[in-house]
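Peer 1: I'd like to go over a predicted model; first the sequence, then the structure.
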Amino acid sequence: FHDPEETSDQFDYVARMETQLSRWEAVSGHDHIVTALDWGVDPKPWLATLFVGESLAESGRVPPGQVLDDAINLADAVSHLHNNGVVHAGIDPGNVVYPGDLIDGGGQQPPLLDNVGLMNAFRLHFDPALHLDPRYAAPEYFDSQYGGIDHATDIYQLGAVLYRMFTGQPPYTGQFEQVRERVLNEHPVPPSTVGEGVPSTVDGIITKAMARQKLTRYETVEHLQQELVGIRRGEDG
């Protein structure tokens, strides 16, 4: 990993990276989290993982027949983090990746969460926008009146990523200041009016996950996941 600017507290950065890399390793046995094989902080923080291919940011819209399953799997990964006391803090399309063998038997493999928890160290020593796409950042990244970075932040950013998965588009567009103003003052266009074939039931899930105020978001990611599962059952039925 790159070192922060010389004016930054290098000791604090290394200590935070050591904590976060240890936490990532502890939760990386999950099927939908990139496996951390080995890591260290000497001579600077480094990490070895299983190879992954392209990210969601590099791919197009997730196929309609696959998107619900992928959404449920990502929610399950976030649930695993939270149940083990880990906040990802940087969920965006660049941190949703696919296994290196993208095609296996004619279908894309389920997505994985990458860079688990590292944003908790990066954001204090780098410009956060270097490591988190602002279009998917929760309001609390732009204005501290919305609180700190915590589990509710992950729920918001998961909702924003689901928006991208279902529609092929980010929930907000524009330059940084335009995005900031929109995140703090507007609501994204309902996904069902953006992406062809998106169930209208998805609108309420993403709207609730992306609520500006934390208290109106899902209390836990499991609640979000259960509602996605309900849509899946309805389709199967």
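Peer 2: On my side now, so go ahead.
Peer 1: for the spatially most central residue of the chain, which residues are in contact?
Peer 2: Geometric centre of the chain, nearest residue: residue 91, 1.9 Å, by CA atoms, centre = their mean. Residues near residue 91 by CB atoms under 8 Å, 6 or more residues apart in numbering: 78, 113, 136, 154, 157, 158, 160, 161. Bear in mind the C-beta positions are built from the backbone N, C-alpha and C, glycine included.
Peer 1: isn't the fourth one right up against residue 77?
Peer 2: No. In terms of CB atoms under 8 Å, residue 154 does not count as a neighbour of residue 77; the distance is 10.2 Å.
Peer 1: turn the contacts of residue 91 into JSON lines, columns for neighbour count, secondary structure and distance to residue 223.
Peer 2: JSON lines is the format used below for these (neighbours: other CB atoms under 10 Å; DSSP: H, G, I helix; E, B strand; the rest coil; distance: CB to CB, whole Å):
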{"residue": "78", "neighbour count": "27", "secondary structure": "helix", "distance to residue 223": "12"}
{"residue": "113", "neighbour count": "28", "secondary structure": "strand", "distance to residue 223": "19"}
{"residue": "136", "neighbour count": "28", "secondary structure": "helix", "distance to residue 223": "20"}
{"residue": "154", "neighbour count": "25", "secondary structure": "helix", "distance to residue 223": "13"}
{"residue": "157", "neighbour count": "26", "secondary structure": "helix", "distance to residue 223": "16"}
{"residue": "158", "neighbour count": "28", "secondary structure": "helix", "distance to residue 223": "12"}
{"residue": "160", "neighbour count": "26", "secondary structure": "helix", "distance to residue 223": "17"}
{"residue": "161", "neighbour count": "30", "secondary structure": "helix", "distance to residue 223": "17"}
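Peer 1: and of the residues you listed, the nearest to residue 5?
Peer 2: Checking those against residue 5 by CB to CB gives residue 136 as the nearest, at 24.7 Å.
Peer 1: can you confirm residue 196 is in a strand?
Peer 2: No. Under DSSP: H, G, I helix; E, B strand; the rest coil, residue 196 falls outside any strand and is assigned coil.
Peer 1: tally of neighbours for it?
Peer 2: By the criterion of other CB atoms under 10 Å, residue 196 has 10 neighbours.
Peer 1: can you start the count at 26 instead of 1 from here on
Peer 2: Yep, numbering from 26; the last one is residue 221 now.
Peer 1: got the phi/psi numbers for it?
Peer 2: phi -60, psi 130 (degrees, to the nearest 10).
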